[in-house]
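>>> Dropping a prediction and its sequence here:
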Amino acid sequence: MALIRLNNQSLTAVSALPAGLDTGKVLQVQTATTSTSTAITSTTFADTTLTASITPSSTSSKILVITSSFIDARSSDGQSGAGIRLLRDTTTLFSDTGGNAFFINAATSSGATVIKGRMSTNYLDSPSTTNALTYKIQGRGTTSNDTVTFQHNSYVSMITLMEIAG
């Protein structure tokens, strides 16, 4: 059997992958869950208690953010909807009001409207820092008649942060 050599070194002498081959590796994972019910009765974004923190080990690292929020949106005027946005500290990464739409809406001809379900998001962030970062989901109603409840009836919402070597 032939001996395979990496960078002219025998396998017993290799202590790390050659430069450039270790990108994309998952360096750490932080996960948080919440079942704390949060009702929002405004068209202005408000915190949902879905938050997690991570401290990147390198400025070249990327953070993959994966969220799954259980939402109950209801209205008495025949139209109901909810929107979400993702923040890193105070920086908005995406929002239902921008080019990246994360939004649910339903209408009936009259009477109450109720929407229940999960809203999931994935976002690859390039924060370029080794400082601690906090990511969170905020929510809002689409009209002043909406009540949007995150984690309604104690359903669990979750957020996962993965540091990816860059």
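Here it is on my side, so go on. Since this is a predicted model, take the numbers as computed values, not measurements. Numbering: from 1, shown residues only.
>>> Helix or strand next in line after the lowest-mean-pLDDT helix or strand in the chain, which one?
Counting by mean pLDDT, DSSP states H and E, the chain has its least confident helix or strand at strand 103-107, which shows a mean of 61. Under the assignment DSSP states H and E, the closest C-terminal helix or strand after strand 103-107 is strand 113-125.
>>> How far away from the center of its chain is that following strand?
Taking the mean of its C-alpha atoms, strand 113-125 sits 9 Å from the chain's own mean (Cα atoms, centre = their mean, to the nearest Å).
>>> Give me the next element, helix or strand, following that strand.
strand 133-141.
>>> what comes up buried for that next one?
The neighbour-count check on strand 133-141 (16 or more other Cβ atoms under 10 Å) flags 133, 135-141 as buried. Every C-beta, even on glycine, is put in place using the N, C-alpha and C of the backbone.
>>> how about JSON lines for those residues, with pLDDT added?
Output for the buried residues of strand 133-141, formatted as JSON lines (pLDDT from 0 to 100):
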{"residue": "133", "pLDDT": "98"}
{"residue": "135", "pLDDT": "98"}
{"residue": "136", "pLDDT": "97"}
{"residue": "137", "pLDDT": "95"}
{"residue": "138", "pLDDT": "94"}
{"residue": "139", "pLDDT": "92"}
{"residue": "140", "pLDDT": "89"}
{"residue": "141", "pLDDT": "86"}
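>>> Quick check: phi and psi at residue 129.
Backbone torsions for residue 129, taken as degrees, to the nearest 10, come to phi -150, psi 160.
>>> what sits against the closest residue to it other than its chain neighbours?
Sequence neighbours aside, residue 59 is the residue nearest to residue 129 in space, at 6.1 Å (criterion: Cβ to Cβ, 6 or more residues apart in numbering). Neighbouring residues of residue 59 by Cβ atoms under 8 Å, 6 or more residues apart in numbering: 128-130.
>>> Ok, residue 133 next?
By Cβ under 8 Å, 6+ apart, the contact set of residue 133 is 53-56, 63, 88-89, 127.
>>> All set now, cheers.
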